[in-house]
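> coords please:
(chains A and B)
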Amino acid sequence: MAEIVLDKVTKRYPDGALAVSEMDIEIADGEFVILVGPSGCGKSTALNMIAGLEDISSGELRIDGARANEKAPKDRDIAMVFQSYALYPHMSVRENMAFPLRLAKVDDATVRSKVEEAAEILDLTQHLDRRPSNLSGGQRQRVAMGRAIVRSPKAFLMDEPLSNLDAKLRGQMRTSVSKLQRQLGTTTVYVTHDQTEAMTLGDRVVVLRGGIVQQIGSPQFLYDHPANLFVAGFIGSPSMNFVPATLEDGSLKSPLGTITLTDRVRRLAEAANAPREVVAGLRPEHFEDAALMEESHRQSGSTFTATVDVLESMGAEKYAYFTVEEELATTAELEELAADAGSADVPGTGSTIVTRLSASSEAREGRPLDVWFDPDRIQLFDPSNGANLTYSG
Amino acid sequence: MSHAVTEAPAKPVPAKGKPALSEGKRAERRLGLLLCAPAAIVMLAVTGYPIAYSIWLSLQRYDLRFPDERQFVGFENYVAVLSNSYWWTAFGTTMFITVVSVAIELVLGMALALIMHRTLVGRGLVRTVTLIPYGIVTVVAAFSWFYAWTPETGYLANALAGESAPLTEQWPSLWIIILAEVWKTTPFMALLLMAGLALVPDDLLKAASMDGANAWQRFTKVMVPVMKPAILVALLFRTLDAFRVFDNIFVLTNGANDTASVSMQTYNNLIKGLNLGIGSAMAVLIFITVALIAFIFIKVFGTAAPGSDQGGKR
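Predicted coordinates for the structure are as follows:
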């Protein structure tokens, strides 16, 4: 149990590359914090600095209030779970899990009971005498977790622990990691590039880009109130739609038609000194098939008509994809997100609007559809620096 | 095996207890054997034949000075060799040189390997420089050691030996032979061990330090066990090589003062003495010893035989 504070922690490599820049995070005792971001954003470097596997170039790391910059990893009393699991291949599951206790010179009886207790929690009891090479991916992952929990460390660090599992198992393990953390109440820092894990696991999420913290907050807060384009585009799946738009006398000219802004949005934009040219963002679930709306409700929002390119029926909902005529908004942030998602390589995804409609929608591929959306949900971003002009934190 | 090659593919023979192979499988197996055949034949010609021939020679009284007295004598040559104190002295000397030099090489080689593995700047240069001794012809290197230890002219003899001539005494000679061996083959050991070090994933060492291991514990509890297969292969190669030590001794002492190895003794009997029978018996005994060493390494220590999959049994 410990609180971990990163105070302007910076990592600069000898070749001058800046991996992490002035990171300020205060992780409370027992908190589950997620570091998330695309590859190369510095999240693993940050984790390694907390672990002591990488030196801190400047700034201070405090564990339980005491400066830990110079402490060797073994003296920090922190356990780490690696993406590769890093199980010792020459040891049985039991020996793997006992290893940290043996190094700490714990007596045999205690080692035995602690290992068996951990094995019980993780459902590994019948595998204790097997070698890691004879275990499945999920079992190995659990052994790695077991090795971390046996010695009741001050904190857990997890570096993409579920990335090597297949999708279904990942879902299951996600739940059990979350349960385990709640059960043990140990401070946990969890690194992932998967926004679903970030949304579902953490008490708080730290979004990183290029070594700089973009925003820190609860998953729902980041989803509802992204601080900038990058966070808006990164959190949420399918991600937010972005269109270029022009602000004119309280209305917004966009490929989705001229939208009358609500007072709330207008006030926020004015307070933020919004430029004329902006990027408007709308999440897929803020659209609806206009035919399903009651007339009165329909009047409160805007409607546009477009041809459905692709319709995906998920059972409980439908995703309709539209192509807008103008090019979609592009900024450095959005390009980076596209590159990370690999969508930059897929032709035709650049100018698609994704909408989530009710399952009862009668939208058909190739047919025009009236689509309704709530203008109060629109978020406006400054294309020059990506800042959210409608941010209300 | 060759039977399967010539066998007509027509009738499947399920009677032998093995499941009958399909036509395609048989054709594939036949092709496989045919493809292996040239290599197998060459191997047999260059290794099988000489071994068989020396075994055959070792069972005969056959001295080239008295070719007419050639005669099959069974194991008489072996009895003669094994009951001779010269042989056992040479055997002891060889064992001593082997064990001591391989042990030193292992320690130094591991240290070198760790250094080379960790080197960040000039990695290529460091590795090349380390390899220089291994690149020098053994006889040339042996001569430079010989001159270095020659009294009055040699710098090592002048610096360390004072008035004495170390290469004329048994123990100093043995240590100098070991020194020459170690100097020459440590780089080879280091290279093999470095390949093993590359097998240890970084994450494993990081995990060990997170688990509370200090540098020495990381080395002994994680690195060494994980790279054990590579260490054993390196030890096996070097032990087999060291047991056949010849050139260094030939140049440094020429086997004087009980410093001859079994290979030297064999050479003396077979080539110098022209006694093909006794010499061959010695050669066969060396072969058996080497085979025994390899057998012990592979079966007892579980060394992965080079080329076997799965890293053998661990």
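> what's in contact with the helix or strand harbouring residue B:277?
For residue B:277, the host element (DSSP states H and E) is helix B:276-295. Helix B:276-295 has contacts (Cβ atoms under 8 Å, 6 or more residues apart in numbering or on different chains) with B:51, B:54-55, B:57-64, B:73, B:77-78, B:80-82, B:87, B:236, B:239-240, B:243-244, B:262-263, B:265-267, B:269-271, B:273. C-beta: built from backbone N, CA, C; applies to glycine.
> From those residues, list the buried ones, please.
Using 16 or more other Cβ atoms under 10 Å in any protein chain shown as the burial test, these include B:54, B:57-63, B:73, B:77-78, B:80-81, B:87, B:236, B:239-240, B:243-244, B:262-263, B:265-267, B:269-270 as buried.
> All the helices of the stretch 201-314 of chain B, in order from the start?
B:202-210, B:215-217, B:224-226, B:228-243, B:247-252, B:262-267, B:276-295 (DSSP state H, counting those that start in this stretch).
> average model confidence for the fifth one?
Right, helix B:247-252. Here helix B:247-252 scores 90 as its mean pLDDT.
> what do you get for the second one?
Averaged over helix B:215-217, pLDDT sits at 93.
> contacts for it?
A:103, B:208.
> do that again at 10 Å, thanks
By Cβ atoms under 10 Å, 6 or more residues apart in numbering or on different chains, the residues outside helix B:215-217 that reach it are A:72, A:74, A:99, A:102, A:103, B:205, B:208, B:209, B:211, B:223.
> Residue A:53 versus residue A:72, what's the distance?
10 Å (Cβ to Cβ, to the nearest Å).
> Between the two, which contacts overlap?
Going by Cβ under 10 Å, 6+ apart, residues that sit against residue A:72 and also against residue A:53 are residue B:209.
> For these two, work out which one has more neighbours and name it.
residue A:53 (21 against 12; other Cβ atoms under 10 Å in any protein chain shown).
> Tell me which residues touch that one, please.
Residue A:53 neighbours (Cβ under 10 Å, 6+ apart): A:44-45, A:47, A:73, A:80, A:157, A:159, B:202-203, B:205-207, B:209-210.
> how does it look with 6 Å?
By Cβ atoms under 6 Å, 6 or more residues apart in numbering or on different chains, the contact set of residue A:53 is A:73, B:206.
> so it is in which element?
Going by DSSP H and E, residue A:53 is not part of any helix or strand.
> Now do the same for it: its pLDDT.
pLDDT, residue A:53: 92.
> Would you list the phi and psi of it?
Dihedral pair for residue A:53: phi -80, psi -20, per degrees, to the nearest 10.
> From residue A:78, how far out is it?
10 Å.
> same question, residue B:40
For residue B:40, the distance to residue A:78 - Cβ to Cβ - is 57 Å.
> Between those two, which has more neighbouring residues?
Neighbour count, other Cβ under 10 Å: between residue B:40 and residue A:78, residue A:78 has more, with 24 against 13.
> Pretty sure that one sits against residue A:155.
Yes. Residue A:78 is within contact range of residue A:155, at 4.9 Å (criterion: Cβ atoms under 6 Å).
> Pull out the buried residues from the top helix by length along chain A.
What stands out as the longest helix in chain A, according to DSSP state H, is helix A:167-184. Neighbour-count burial for helix A:167-184 flags A:170, A:173, A:174, A:176, A:177, A:178, A:180, A:181, A:184 (criterion: 16+ other Cβ under 10 Å).
> which intervals of chain A have sub-threshold pLDDT?
A:1, A:325-330, A:340-351 (pLDDT under 70).
> For it, what lies in contact range of chain B?
Residues of chain A found near chain B (Cβ under 6 Å from any Cβ of the partner chain) are A:53, A:73, A:74, A:80, A:82, A:84, A:86, A:90, A:99, A:100, A:103, A:104.
> number of nearby residues for the second one?
Per other Cβ under 10 Å, the neighbour tally for residue A:73 reads 22.
> cool, and the one 4 residues further on?
The number of residues packed near residue A:77 is 19, by other Cβ under 10 Å.
> contacting residues around the closest residue to it other than its chain neighbours?
For residue A:77, ignoring the flanking residues on the chain, the nearest one in space by Cβ to Cβ, 6 or more residues apart in numbering or on different chains is residue A:154 at 4.8 Å. For residue A:154, the contacting residues are A:2, A:77, A:78, by Cβ under 6 Å, 6+ apart.
> Grab the longest helix from chain B for me.
Every helix in chain B considered (DSSP H), the longest is helix B:85-118.
> Since that was my last question, I'll sign off now.
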